[in-house]
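In: Model the structure of this input:
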Amino acid sequence: MKPIFAGLACLCLFSTAAAQPEPFTIQVGSLPTRAAAATLVNQLKSRGLDVYYLKVAIPGRGVFYRVRVGRLPTPGEACELGEKLRRTGLITDQFVTTYEAGHPDSADTPMRVSKAPPPKIACDHPSAPASGESPPPPPEKSTRVAVEGRYWITNLRAIANVSGGGLAGTDFNFKSDLGLKDNNLPEVRFTWHLTRRSKLKVDYTQVDYGGDNLLSRTINFNGNLYHVNTRVTSGLEAKQLQLGYAWQFINLKERIKVGPLFEARALWLNAFLNTANASPPIREAKKLTVGLPSIGFDLNVYPHKRINFFAAASGIPAGKYGHFFDGEAGVEFFPAANVRVIGGYRFLDLKARNESDFANLRLAGPFIGAGVRF
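Out: Predicted coordinates for the structure are as follows:
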């Protein structure tokens, strides 16, 4: 009977061992020389880490020394350790793979033959190659396009002066004098992500305000006098087409991207006043077309793969001819891979002057929106 019980005990021990989960480790480098591998091993060991390396031969590519850290029971624990090491700056490249016994120090070890890089275990955070033995990476993905619609809840401040007929114009306020009300504005934006560091943006915004008011003072607009208690209907229309190129040459591990922003924009402004109870009725309009280049910055911060904090601003001072400034800041949330929800705050300040005539338009307020990415 004893041999039977002994056999059963061995079988139980074998089954238990077979049921044990396969351990995992973090590969932090694959170096072409033993000296380089030993240096990295000693550096990490000085921080109290469990480090070892494997010597492998890749057919057609040569000999490599795979430096690895830890022996963890689950991939989740291995992922956490790898991310912790990356955040502390001890390593820049790492990925999780299955554990293989190796040498704990710089002594030589028998060489193994490997036909492919080790398997990579997926983690929530992005992993870097950590393997000089892999073939060169393919070119960056082709252009990706994002389409976004926004709803801008604006607060309008607009002042203008239009002289004519040999008379100096009156500085008038589109809100207090003409009764224009705040209006929420639609906006459409297309973004082409050319590379991981550059993108092209096209933005279209349309402004359309209207008012109906009794004047509380006399106003001269384009040579016509509008007296107190004159009923005027007025409007301010503006269209902006904006083309921008951002080159975010500062890219910190895909978490922080920032760089210069170059923009060119065209604006079409149309302001008009009509009287209903003047004799004879008056209808006056003034159009202004402005083309402006501007320069600024574009910033993205990704604290999580589903969250993007962004800020961008650009402008140009034009001395006596006016100025232009445009900026925004906000946050994007990605509930799905190709879907985004967005919210933030934007301002736009335009002043254009031609001798005594000028127009100063300021729009500011929060916005919300959504978009898709292809």
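In: Quick one: list the elements packing against the helix or strand where residue 35 lies.
Out: Residue 35 is located in helix 34-45, with elements delineated by DSSP states H and E. For helix 34-45, the elements it packs on are strand 24-31, strand 51-58, strand 62-72, judged by 3 or more Cβ pairs under 8 Å, 6 or more residues apart in numbering; DSSP states H and E. Quick note: C-beta positions are derived from backbone N, CA and C, even for glycine.
In: Centre of the chain to the longest one, how far?
Out: This means strand 62-72. Chain-centre distance of strand 62-72: 35 Å, with Cα atoms, centre = their mean, to the nearest Å.
In: That one pairs with which strands?
Out: Next to strand 62-72 in the sheet, as set by DSSP bridges, lie strand 24-31 (antiparallel), strand 51-58 (antiparallel).
In: still on that earlier bit, could you check the angle strand 51-58 makes with the helix holding residue 35?
Out: Calculated by axes from the mean of the first three to the mean of the last three Cα atoms, to 10 degrees, helix 34-45 forms an angle of 150 degrees with strand 51-58.
In: where in the protein is pLDDT low?
Out: 1-21, 103-116, 124-143, 165-167, 276-280 (pLDDT under 70).
In: Domain parsing of it, as residue ranges.
Out: Structural domains annotated on the chain: 23-138, 144-373, as defined by automatic domain parsing.
In: ok, and for the helix holding residue 35, which residues are buried?
Out: Within helix 34-45, the residues that count as buried by 16 or more other Cβ atoms under 10 Å are 34, 37-38, 40-41, 44.
In: mind putting those residues in JSON lines, distance to residue 262 included?
Out: Shown next, in JSON lines, are these (distance: Cβ to Cβ, whole Å):
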{"residue": "34", "distance to residue 262": "49"}
{"residue": "37", "distance to residue 262": "45"}
{"residue": "38", "distance to residue 262": "48"}
{"residue": "40", "distance to residue 262": "42"}
{"residue": "41", "distance to residue 262": "47"}
{"residue": "44", "distance to residue 262": "43"}
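In: Give me the contact list for stretch 303-317.
Out: The contact list for stretch 303-317 (Cβ atoms under 8 Å, 6 or more residues apart in numbering) reads 124-126, 244, 246, 255, 261-263, 292-302, 323-335, 344.
In: again with stretch 157-176
Out: Counting by Cβ under 8 Å, 6+ apart, residues outside stretch 157-176 touching it are 156, 178, 180-181, 209, 211, 218-225, 234, 236, 271, 286, 356-363.
In: OK, contacts around residue 345?
Out: Counting by Cβ under 8 Å, 6+ apart, residue 345 touches 328-330, 364-367.
In: ok, how many other residues are close to residue 239?
Out: Counted with other Cβ atoms under 10 Å, the neighbours of residue 239 add up to 14.
In: can you map out the strands along the stretch 51-200 of the chain?
Out: Shown for the stretch 51-200 of the chain, the strands assigned by DSSP state E, counting those that start in this stretch span residues 51-58, 62-72, 95-98, 112-113, 144-152, 155-161, 172-173, 185-193, 198-214.
In: Tell me the buried residues in the third one?
Out: Across strand 95-98, burial judged by 16+ other Cβ under 10 Å covers 95-97.
In: next one: the last one
Out: Within strand 198-214, the residues that qualify as buried are 199, 201, 203, 205, 207, 209, 211, 213, counting by 16+ other Cβ under 10 Å.
In: which helices and strands sit right next to it?
Out: Contacts defined by 3+ Cβ pairs under 8 Å, 6+ apart place strand 198-214 against strand 185-193, strand 231-247.
In: What distance do you get for the residue most central in space within the chain to residue 229?
Out: By Cα atoms, centre = their mean, the chain has its centre lying nearest to residue 300, at 4.0 Å. Distance from residue 300 to residue 229, counting by Cβ to Cβ, to the nearest Å: 54 Å.
In: How about residue 191?
Out: Between residue 191 and residue 229 the computed distance is 50 Å (Cβ to Cβ).
In: Buried residues, the strand or helix carrying residue 269. List them.
Out: Assigned by DSSP H and E, residue 269 falls within strand 256-275. Using 16+ other Cβ under 10 Å as the test for burial, strand 256-275 gives 257-259, 261, 263, 265, 267, 269-275.
In: Same list (these) but as JSON lines, adding distance to residue 146.
Out: Output for these, formatted as JSON lines (distance: Cβ to Cβ, whole Å):
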{"residue": "257", "distance to residue 146": "15"}
{"residue": "258", "distance to residue 146": "19"}
{"residue": "259", "distance to residue 146": "18"}
{"residue": "261", "distance to residue 146": "16"}
{"residue": "263", "distance to residue 146": "17"}
{"residue": "265", "distance to residue 146": "20"}
{"residue": "267", "distance to residue 146": "24"}
{"residue": "269", "distance to residue 146": "29"}
{"residue": "270", "distance to residue 146": "31"}
{"residue": "271", "distance to residue 146": "34"}
{"residue": "272", "distance to residue 146": "36"}
{"residue": "273", "distance to residue 146": "41"}
{"residue": "274", "distance to residue 146": "42"}
{"residue": "275", "distance to residue 146": "47"}
